[in-house]
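Colleague: quick one, fold the following:
(one chain, ligands or ions: 1)
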Amino acid sequence: MGTFLFDKIIFGPVASRRLGNSLGINLLPVNKKICNFDCIYCECGLTDGTKDKLPSRANVRFELEKTLAEFSSNNKPIDTITFAGNGEPTLHKDFNGIIDDTFELRNTYFPQAKIALLSNSTTLGSTKIQKAFEKIDQNILKLDSVNPATVELINCPIGKFNLAKTIEILKKLPSPIIQTMFIRGSFRGKEVDNTIEQELVPWLNTLKEINPAMVMIYTIARDTPFETLEKVPEEVLKEIAQRVENLGIETQISA
Ligand code: SF4
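Modeller: Residues are numbered from 1 along each chain as shown. The predicted structure is shown next:
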């Protein structure tokens, strides 16, 4: 039941099918997760709700420039600079400023590299964050279910989260990438399974309306905080992906 935390502000690069050589930026602490979800499958462990110091904008800029300069002078490729890490990146109070710095440094050292964000979609309603979304090349946004009860069970939002409003905003974004985690098992005496028809049919209908650039389908890859959860077999993920592809939407599976 061990969990995994990124121990640096800048990490990787990680080889990714979608993102190529992806250099990661962790805007959260290196010793704990900070998130406004508490997903039962989160590989970073449980959200304890306590506050902690986040790296400053100046520090992120310094570390990123150091890494990009080193990679550039050693001719090491970077295809994507990805905001991910120990929690929800958009919760950083200087997120927009950090995005601006990242674009500036990207243009200096790796002008061909893309900038990507992995987000849980909870801050989509913020006008300020929307401005950052408009600049970012690839917004990869979580949507594990369109059923509010399932989102409560799987994602355990901390504070207010309006799923219907989030879906409405997703429909208006030009070309989001949707990321969905499929899991099975049980949690606190309740069955967990977002691969059943009652889940998949409304999820597929919503995808049709969102019309994303891609749907990334994945399942548990590392340890989770609860041992009662199971990985979904790859054949099932492939069947789900096929149903998405039948809608004319590209998919990518990580099993
Ligand atoms: S949104 Fe991501 S970081 Fe936050 S709890 Fe869920 S899996 Fe973990």
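
Colleague: which parts of the stretch 1-150 of the chain sit against the ligand?
Modeller: Counting by Cβ under 6 Å from any ligand atom, the residues of the stretch 1-150 of the chain lying close to the ligand are 33, 35, 37-39, 42, 44, 47, 87-88, 120. The way it works is simple: take the backbone N, C-alpha and C, and place the C-beta from them, glycine included.

Colleague: TSV for these, including pLDDT?
Modeller: Listed next are these as TSV, based on pLDDT from 0 to 100:
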residue	pLDDT
33	92
35	95
37	96
38	96
39	96
42	95
44	91
47	85
87	95
88	96
120	98
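
Colleague: in PyMOL, select just the buried ones from the residues you listed.
Modeller: The buried residues among those can be selected in PyMOL (16 or more other Cβ atoms under 10 Å) with this line:
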select buried, resi 33+35+37+38+39+42+44+47+87+88+120
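
Colleague: surely residue 13 meets residue 82?
Modeller: No: assessed by Cβ atoms under 8 Å, residue 13 is found out of contact with residue 82, at 9.0 Å.

Colleague: could you dump the residues of the stretch 1-150 of the chain next to the ligand to a markdown table with secondary structure?
Modeller: Shown next, in a markdown table, are those (DSSP: H, G, I helix; E, B strand; the rest coil):
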| residue | secondary structure |
| --- | --- |
| 33 | coil |
| 35 | coil |
| 37 | coil |
| 38 | coil |
| 39 | coil |
| 42 | coil |
| 44 | coil |
| 47 | coil |
| 87 | strand |
| 88 | coil |
| 120 | coil |
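
Colleague: before we move on, back to that, so which of residue 13 and residue 82 has more stuff around it?
Modeller: The residue with more neighbours, out of residue 13 and residue 82, is residue 82; 25 against 21, by other Cβ atoms under 10 Å.

Colleague: correct me, but residue 225 touches residue 46?
Modeller: Yes: in this structure, residue 225 is within contact of residue 46 by Cβ under 8 Å, at 5.1 Å.

Colleague: check what pLDDT the residue of the chain most remote from its centre gets.
Modeller: Distance from the centre of the chain peaks at residue 73, with 30.1 Å (Cα atoms, centre = their mean). At residue 73, the model reports a pLDDT of 97.

Colleague: which phi and psi values does it adopt?
Modeller: Phi and psi for residue 73, reported as degrees, to the nearest 10, are phi -70, psi -20.

Colleague: also residue 185?
Modeller: As for residue 185, its main-chain torsions (degrees, to the nearest 10) stand at phi 130, psi -150.

Colleague: what of residue 94?
Modeller: Dihedral angles (degrees, to the nearest 10) for residue 94: phi -100, psi 30.

Colleague: that one: how many residues sit nearby?
Modeller: With other Cβ under 10 Å as criterion, residue 94 counts 17.

Colleague: what's the distance between residue 114 and residue 217?
Modeller: 21 Å (Cβ to Cβ, to the nearest Å).

Colleague: same question but for residue 233, I mixed them up
Modeller: 12 Å.

Colleague: so for these two, which sits in the more crowded spot?
Modeller: residue 217 (22 against 14).

Colleague: residues contacting the residue in the stretch 51-200 of the chain that the ligand sits nearest to?
Modeller: For the stretch 51-200 of the chain and the ligand, the shortest gap (Cβ to the nearest ligand atom) falls at residue 120, measuring 3.5 Å. The neighbourhood of residue 120, defined by Cβ atoms under 8 Å, 6 or more residues apart in numbering, consists of 35-37, 39, 88, 141-142, 155.
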